[in-house]
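Undergrad: sequence first, predicted coordinates after that:
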Amino acid sequence: MTEGTVRVDLWLWSVRLLKTRSMATTACRAGHVRVNDERAKPATTVRPGDEIRLRHDGRERIVIVQRIVRKRVGASVAAECLIDKSPPPPPREALIPIGRRDRGAGRPTKRDRRELDRLRALDQSRAAHNLTEDE
């Protein structure tokens, strides 16, 4: 390995995009990491200027490598090592699932089922309304 390169799993962990190195390795093996639009294995090398796309926690992160680091660094140093071109995260309301029941709550009653059906119909009408606005 040359001086200006580092493994992609190590770099993702070093700049705090993923919590552990094993999570970074697993993400690479699962196909959630792409380097310059090519699927990356954990040992794929990255160098300054490379674009990394990472799918994690329901969103896609797009970063450009600015600087190579081999050890985990603080948050302020990590921010200097990359340029974040990710789209903004979805609003918090969009992340909350609708119609979840508590574990062990038993079967839904007829009243519960009607409320769930009403929420689902409301959600579908919002989706249909958003499609017509975009056109």
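TA: Here it is on my side, so go on.
Undergrad: wait, is Leu12 part of a helix?
TA: Yes - for Leu12, which was evaluated using DSSP: H, G, I helix; E, B strand; the rest coil, the result is membership in a helix.
Undergrad: per the annotation, how does this protein divide into domains?
TA: Per automatic domain parsing, the domain ranges recorded for the chain read 6-90, 97-134.
Undergrad: average pLDDT for the shortest one, rounded please.
TA: Summarised as a single mean, pLDDT over domain 97-134 is 74.
Undergrad: how about the domains of the chain in TSV, adding mean neighbour count?
TA: Using the backbone N, CA and C atoms, a C-beta is placed for each residue, glycine as well. Below are the domains of the chain laid out as TSV (neighbours: other Cβ atoms under 10 Å):
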stretch	mean neighbour count
domain 6-90	16
domain 97-134	10
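Undergrad: against Gly4, how distant is Thr26?
TA: In this structure, Thr26 and Gly4 are separated by 26 Å, where distance is defined by Cβ to Cβ, to the nearest Å.
Undergrad: for the chain, what spans make up the strands?
TA: Taking DSSP state E as the criterion, the chain carries its strands at 6-7, 33-35, 38-39, 45-46, 51-56, 59-65, 82-84.
Undergrad: quickly list what the residue most central in space within the chain is bridged to.
TA: If you average the C-alpha coordinates of the chain and look for the closest C-alpha using Cα atoms, centre = their mean, you land on His56, 2.6 Å from that point. Beta bridges link His56 to Arg59 when assigned by DSSP bridges.
Undergrad: touching, it and Thr26? I think so.
TA: No - at 10.5 Å, His56 does not count as touching Thr26 under the criterion of Cβ atoms under 8 Å.
Undergrad: contacts made by stretch 75-84 with the rest, please.
TA: Residues from elsewhere that reach stretch 75-84, judged by Cβ atoms under 8 Å, 6 or more residues apart in numbering: 14-16, 61-69, 73.
Undergrad: repeat that for stretch 52-61.
TA: So stretch 52-61 is contacted by 8, 11-12, 17-18, 27, 32-35, 37, 40, 46, 62-65, 84, 86-87, 89-90, 95 (Cβ under 8 Å, 6+ apart).
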